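> Would you be able to build a 3D model of this:
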Amino acid sequence: MNAWPTVALGELLRRSERTIRLDSEATYREVTVRMNGKGVVERRQVQGREVAADRRHQAKSGQFIISRIDARHGASGLIPDKLDGAIVTNDFPLFDINTDRLDATFLNWISKTTSFVELCKAASEGTTNRVRLSEERFKALSIPLPSLDEQHRIAAGLDAISEKLQQIEAHLDAVERDAAHLLALRFRDIIADASLLPIYEVAPAVRRPVEIQVTARYREIGARSFGKGLFAKPDFDGATATWEKPVWVKSGDLVLSNIKAWEGAIAVASDAHDGCIASHRYITCVPDPMTATAGFLAYYLLSEDGLVKVISASPGTADRNRTLSLGNLGKIEVPVPPLGAQQSFDRLQAEVAALKAKHASIRAANSALLPATLERMFS
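Numbers count the residues shown, from 1 in each chain. Below you'll find the model as predicted:
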């Protein structure tokens, strides 16, 4: 453990009472604070006449801000330069920092630690639905305080780690954009001279009814919107089933949610999904193995052109009323290039998927690095 002295926040922070009178015709930026140390951001822009009070506290770049309501969830941070002069409500106390004793960036980092959030929880009081940070108890909290030079050094080191992680994240994003662009170009070339056929001819819908057995246990899947694939739901016993007419899913099925297909709830079942069941809201299509592949069809249906057709085939106005019927789905025309070209494209899709999976593990490790560093440093 670091042998740093501890100092009460009340000795380091002074409550800012800076307010401004609002002009009813002027436009103001409002500040909010994200939970879990995710930073201080603009909530919205609002005209003075839309604000209930005629005065508001005004934020200054570099001030420390904390949410009375969500301090116990890590909602605190520094006012960034771009929000200098923005307004805040009374639910977000602002504090000027005594920079002769406390480095603002050092405070910002320490406020993201588990120990600081736990202190804020202890300084919050009230009933379950009205828990708020007590300002007096907050100012009585103590934090470890090394010398100012040491604070500068620690803050600079953490800033450097953060910047490097952001650079890595930006690099991964760029690589994935390039990979997606490559897929799009390859797909465009493959379908350039392809004929169009209705889905019912190349991948007819096949329903495999499930007779629920009360003594059996079932694995259930669902489809995420925006092309994010299938996901496993909690296993359940047949005796607890509350819905009717589920269907079996097999590996290689093209799976569509009939109420969410219009927003991209379309995916291909893998070996991991074989033998699972889905609710009656799901449509399973089985491609003719001599004509089309499920991966190729899924890519097309999730493309801009494909989704336009899916949306057109899903009439309705309200969210859950946009239903894709079997008849409308079957009439959607899809490009059908030679099977070998589709299989080659699927292999490319698999390589991109493997790349993204590798990136996901890197992102997970990166996201854990900084919190772990903070905990080791300030524990």
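
> Glu244 reaches His280, doesn't it?
Yes: counting by CB atoms under 8 Å, Glu244 touches His280, with 6.5 Å between them. In short, each C-beta sits where N, CA and C put it, glycine included.

> Show me which of the two is the more surrounded one.
Neighbours were counted for Glu244 and for His280 using other CB atoms under 10 Å; His280 has more, 14 against 9.

> Work out for me the element that one sits within.
Per DSSP states H and E, His280 falls between elements, in no helix or strand.

> Chain neighbours aside, what residue packs nearest to it?
Lys245 (4.0 Å; CB to CB, 6 or more residues apart in numbering).

> That neighbour: how many residues sit nearby?
Other residues close to Lys245 by other CB under 10 Å number 11.

> Next, it: phi, psi?
Dihedral pair for Lys245: phi 50, psi 50, per degrees, to the nearest 10.

> do you know how far it is from Val255?
Distance from Lys245 to Val255, counting by CB to CB, to the nearest Å: 16 Å.

> for Asn98, same thing?
Note on Asn98: its distance to Val255, by CB to CB, is 60 Å.

> between those two, which one's more packed in?
Each of Asn98 and Val255 has its neighbours counted (other CB under 10 Å); Val255 has more, 27 against 12.

> which ones are touching the more buried one?
Val255 sits next to 221, 223, 230, 249, 266-269, 278, 282-285 when contact means CB atoms under 8 Å, 6 or more residues apart in numbering.

> hmm, 7 Å instead?
Counting by CB atoms under 7 Å, 6 or more residues apart in numbering, Val255 touches Ala223, Leu230, Val249, Ala267, Ala269, Ala278, Tyr282, Thr284.

> next one: phi and psi at the nearest residue to Thr89 once chain neighbours are set aside?
Closest residue to Thr89 apart from its sequence neighbours, by CB to CB, 6+ apart: Arg56 at 7.1 Å. Arg56 adopts backbone torsions of phi -140, psi 150, taken as degrees, to the nearest 10.

> got it, and Met290?
phi -100, psi 0.

> so what's the closest residue to Ile199 other than its chain neighbours scoring on pLDDT?
Leaving out its chain neighbours, the residue that sits closest to Ile199 by CB to CB, 6+ apart is Ile332, at 5.1 Å. Model confidence at Ile332, given as pLDDT, is 97.

> go on, Arg376?
pLDDT recorded at Arg376 is 89.

> count of residues packed around it?
Arg376 has 9 neighbours, counted by other CB under 10 Å.

> From Ala155, how far off is it?
Taken as CB to CB, the span from Arg376 to Ala155 is 16 Å.

> moving C-terminal of the longest helix belonging to the chain, what's the next helix or strand?
In the chain, with assignment by DSSP state H, the single longest helix is helix 148-191. Sequence-wise, the next helix or strand downstream of helix 148-191 (DSSP H and E) is strand 195-198.
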